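**Student:** Provided below for reference: sequence and predicted model.
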Amino acid sequence: MHWGHVKSRDLCHWQQLPVAIAPDEQDDGCFSGTAIVWKNKLWLMYTSFKENDGGESIRQLQALASSDDGVNFVKHGIVIGEKDLPAEYSPCDFRDPKIFIEDGKLYCLVAARKIGGRGRILLYSSDDMFHWQFECDVLNRDSGGIMIECPDHSADLGLLTYCEQFQPNDGYKHLNIHSTFYRLGKLDCVNRISNFGESEIIDYGFDFYAAQSFADEHIMLGWLNMWDRNNPSEKYGFAGMLTVPRKFEVKGGELWQTPVVTARRVFETVVKDRLCDKVKVGVIAVTAENLSAFKLLLRKSEDNVTQFYLSGGDWVFDRSSSGEKITGKETDADSLAGIRRMPFKRCERTEITVVMDLFSVEIFVNGKALSSTIFPPENADGLELSVKADNCLYSRSEVE
């Protein structure tokens, strides 16, 4: 594993830069972590992976690299090693450091696993980036899944996010065996005290994992793919992708997400009952007042179609006929049928935004999100909208 590197001025158009860090005699793999600006340098803390003889001899420890120009990086070796990990935690499942700065002090969250137990999130502190002190086990309880990954924290929102691997499902709250969650509350780093509520799902779709946010703005990206699934993208020349950047905030005690995308509106119309259009890539927006029925067919061509519709009190996403089959280790009825659900809350105004790329659909409805990959035929570009509402406005925008 390498760290790729891209830059952007608008979060829509990206320019490739040289690989930032790569495996060498120190690292068999450079796993995920944090990039942060501190004292006029760009610092990367990442998990240095050593295979050794496999099993319990694997080592996942936290290493440091830095850059003066933001392009060329120098490795500084392990900075949070086995000696810095309390004895009751396993050094073979210890990864994904997330650095943040609070009151001028450096802190770092690291995913870990207790020996004989399950996933945990550990907090470390430092004054110089090179010497780190263990502070506490943040949640101080085992995760529902076997392991936690990719912790993230926004202090001003009181938001903690993380992934769980191989956790039992909980209705459609999370059916993916690997899911990304959030908790609202407070982390008092100085007094080593945390108080967070129950976990809630960030994205209800098939493919959303490892969400990470920017240091200075409430914008996150996730990995738009999933572990333990077949990977049709290989034949198209890529291995996974990232979600559209999404702004996040807390409203009414819930996480609220909206896509950050620069697009030019090219078509807009009032919808009485039904509308037909053609689109493969772009942004679809539907605003409806007192919505009572809704069905959206995307990437339609002959027998191929991706569906998103209202059924009872749920939004239903169906990719069972979306092209190439995507299967995984999930065995529940919805997963086997290619279905994901998201709660629908009746309100005066429903705002639906669909961000479509060639192999992805990301749907946002009044702050909730549902993201999934699809692999339809190249000629699949049909769109049909059926709706019942007091008023309904449809628009289509193209990414500039």
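**Tutor:** Noted; the coordinates are in hand.
**Student:** so D152 makes contact with T161?
**Tutor:** Yes. Between D152 and T161 there is a contact under C-beta atoms under 8 Å: 4.5 Å. Placement of C-beta: from N, CA and C, glycine included.
**Student:** anything in contact with each of the two?
**Tutor:** A211, S213, M220 (C-beta atoms under 8 Å, 6 or more residues apart in numbering).
**Student:** got the contact list for the spatially closest residue to D228 that is not a sequence neighbour?
**Tutor:** Spatial nearest neighbour of D228, excluding adjacent residues (C-beta to C-beta, 6 or more residues apart in numbering): K329 at 4.5 Å. The contact partners of K329, by C-beta under 8 Å, 6+ apart, come to I177, D228, R229.
**Student:** separation between the second one and R341?
**Tutor:** When you say that, I think you mean D228. 21 Å (C-beta to C-beta, to the nearest Å).
**Student:** any idea how this structure splits into domains?
**Tutor:** Domain assignment for the chain by automatic domain parsing gives 3-201, 263-399.
**Student:** now do the end-to-end distance for the first one.
**Tutor:** Just to be clear, that refers to domain 3-201. Taking C-alpha to C-alpha, to the nearest Å, domain 3-201 runs 27 Å from one end to the other.
**Student:** just the buried residues of stretch 357-374, please?
**Tutor:** The neighbour-count check on stretch 357-374 (16 or more other C-beta atoms under 10 Å) flags 357, 359-365, 367-374 as buried.
**Student:** kindly report the same for stretch 33-42.
**Tutor:** Applying 16+ other C-beta under 10 Å to stretch 33-42 flags G33, T34, A35, I36, L42 as buried.
**Student:** mean confidence for that stretch?
**Tutor:** Averaged over stretch 33-42, pLDDT sits at 96.
**Student:** could you export that stretch as PDB, CA atoms only?
**Tutor:** What follows is stretch 33-42, C-alpha atoms only, in PDB (Å, rounded to 0.1, in the frame of the first residue of the first chain):
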ATOM      1  CA  GLY A  33      -3.600   7.900   8.800                       C
ATOM      2  CA  THR A  34      -3.500  11.700   8.900                       C
ATOM      3  CA  ALA A  35      -2.100  14.600   7.000                       C
ATOM      4  CA  ILE A  36      -1.900  17.800   9.100                       C
ATOM      5  CA  VAL A  37      -0.100  21.200   8.800                       C
ATOM      6  CA  TRP A  38       1.900  22.000  12.000                       C
ATOM      7  CA  LYS A  39       4.700  24.500  12.400                       C
ATOM      8  CA  ASN A  40       4.800  25.300   8.700                       C
ATOM      9  CA  LYS A  41       5.300  21.700   7.700                       C
ATOM     10  CA  LEU A  42       3.000  19.000   6.300                       C
END
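**Student:** residues making contact with that stretch?
**Tutor:** In contact with stretch 33-42 (C-beta under 8 Å, 6+ apart) are residues 43-47, 62, 66-68, 70, 73, 96-101, 106, 108, 129, 215.
**Student:** go with 6 Å
**Tutor:** The contact list for stretch 33-42, computed with C-beta atoms under 6 Å, 6 or more residues apart in numbering, reads W43, L44, M45, Y46, T47, S66, S67, G70, P97, K98, I99, A215.
**Student:** what about the nearest residue to the fifth one once chain neighbours are set aside, neighbour count?
**Tutor:** The shortest distance from T47 to any residue that is not its chain neighbour, by C-beta to C-beta, 6+ apart, is 3.6 Å, and that residue is F31. Neighbour count for F31, taken as other C-beta atoms under 10 Å: 19.
**Student:** roughly how far does F31 sit from S48?
**Tutor:** 8 Å.
**Student:** and G323, by the same measure?
**Tutor:** In terms of C-beta to C-beta, G323 sits 39 Å off from S48.
**Student:** per-residue confidence, E324, what does it come out as?
**Tutor:** pLDDT recorded at E324 is 95.
**Student:** what's near enough to touch the nearest residue to it once chain neighbours are set aside?
**Tutor:** Closest residue in space to E324, ignoring its immediate chain neighbours: F375 at 3.9 Å, by C-beta to C-beta, 6+ apart. Residues in contact with F375 (C-beta under 6 Å, 6+ apart) are P232, G323, E324, F359.
**Student:** please redo it, this time with the cut-off set to 8 Å
**Tutor:** By C-beta under 8 Å, 6+ apart, F375 lies in contact with P232, S233, Y236, S322, G323, E324, I326, F359.
**Student:** and if you look at F181?
**Tutor:** F181 is in contact with T161, Y162, C163, E164, H174, S199, E200, I201, I202, counting by C-beta under 8 Å, 6+ apart.
**Student:** closest one of the residues you listed to D24?
**Tutor:** Nearest to D24 among the contacts of F181: C163, at 27.3 Å, using C-beta to C-beta.
**Student:** so which residues make contact with the helix or strand that closest one falls within?
**Tutor:** Using DSSP states H and E, C163 sits within strand 159-165. Here strand 159-165 makes contact (C-beta under 8 Å, 6+ apart) with 111, 119, 121, 138, 143-153, 177-185, 187, 196, 202, 209-211, 213, 220, 227, 248, 250, 255.
**Student:** keep only those of the residues you listed that are in strands.
**Tutor:** Those of the contacts of strand 159-165 mapping onto strands are 111, 119, 121, 147-153, 178-185, 187, 196, 209-211, 213, 220, 248, 250, 255, per DSSP state E.
**Student:** which among those residues count as buried?
**Tutor:** Burial of the ones in strands among the contacts of strand 159-165 was assessed by neighbour count (16+ other C-beta under 10 Å); the buried members are 111, 119, 121, 147-153, 178-184, 187, 196, 209-211, 213, 220, 248, 250, 255.
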